[in-house]
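Visitor: output the structure for:
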Amino acid sequence: MRFELNMEKDGDMWLVTSPDFPELTTFGETKKQALEHGLDAIEEAIAARMSDNTDVPLPSPEDINPSTAVDIPSMTALKLGLYISLRNLGISKAELQRRMGVKNRETVDRLFRLDHNSRLDSIEQAYKAIDVPLRIEIPIPEAA
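Guide: Okay, here's the model as predicted:
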């Protein structure tokens, strides 16, 4: 999942904003540092929206400028995909807990906390519980 950043030189700093997250503003001394701070800020914005149970925008289209786009970490992408799927299907966390057959609500809540290193098998179980196929696409380069 890739999100676009807007980067603009502001004196000796780079100002970073996002068309997907209007609340996002950060800076960096170099363009590389600005992109890193932008990625951190996007993850914080996603986490805040998930915590507030509000909409999170879908990632930017693939045709965005790769020099100003950031790929979110795989686990963040999996958790965000699960969150968006639940909202689109109208399934509550309580219903997900019931479908997964887990007794502890915290087990389900952790699936949506970006600061928690969830196990992949737990994520897979959640996707299966809501009948959403989980597909991971890895483009394999051709042999040289």
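
Visitor: pLDDT at the closest residue to S92 other than its chain neighbours, what is it?
Guide: Closest residue to S92 apart from its sequence neighbours, by CB to CB, 6 or more residues apart in numbering: L86 at 7.5 Å. Using the backbone N, CA and C atoms, a C-beta is placed for each residue, glycine as well. Per-residue confidence at L86 stands at 96 (pLDDT).

Visitor: what distance do you get for L86 to V132?
Guide: According to CB to CB, to the nearest Å, L86 and V132 sit 9 Å apart.

Visitor: can you list the domains in this protein?
Guide: As assigned by automatic domain parsing, the chain contains the domains 2-71, 74-129.

Visitor: pLDDT score assigned to G90?
Guide: For G90, pLDDT reads 96.

Visitor: burial count for it?
Guide: Neighbours of G90 under the rule other CB atoms under 10 Å: 7.

Visitor: heads up, I number from 806, so please use that
Guide: Okay, residue one is now 806; in that scheme the one you just asked about reads as G895.

Visitor: contacts only, for it.
Guide: By CB atoms under 8 Å, 6 or more residues apart in numbering, the contact set of G895 is empty.

Visitor: now the helices for the protein?
Guide: Counting by DSSP state H, the chain has these helices, from start to end: 836-856, 879-894, 898-905, 910-914, 925-934.

Visitor: looking at the ones you listed, spot the one closest to F826.
Guide: helix 836-856 (4.3 Å; CB to CB).

Visitor: for the closest one, buried residues please.
Guide: By neighbour count with 16 or more other CB atoms under 10 Å, helix 836-856 contains the buried residues 839-840, 842-844, 846-848, 850-852, 854-855.

Visitor: how about T835, nearest residue that isn't a chain neighbour?
Guide: Closest to T835 by CB to CB, 6+ apart is W819, at 7.1 Å.
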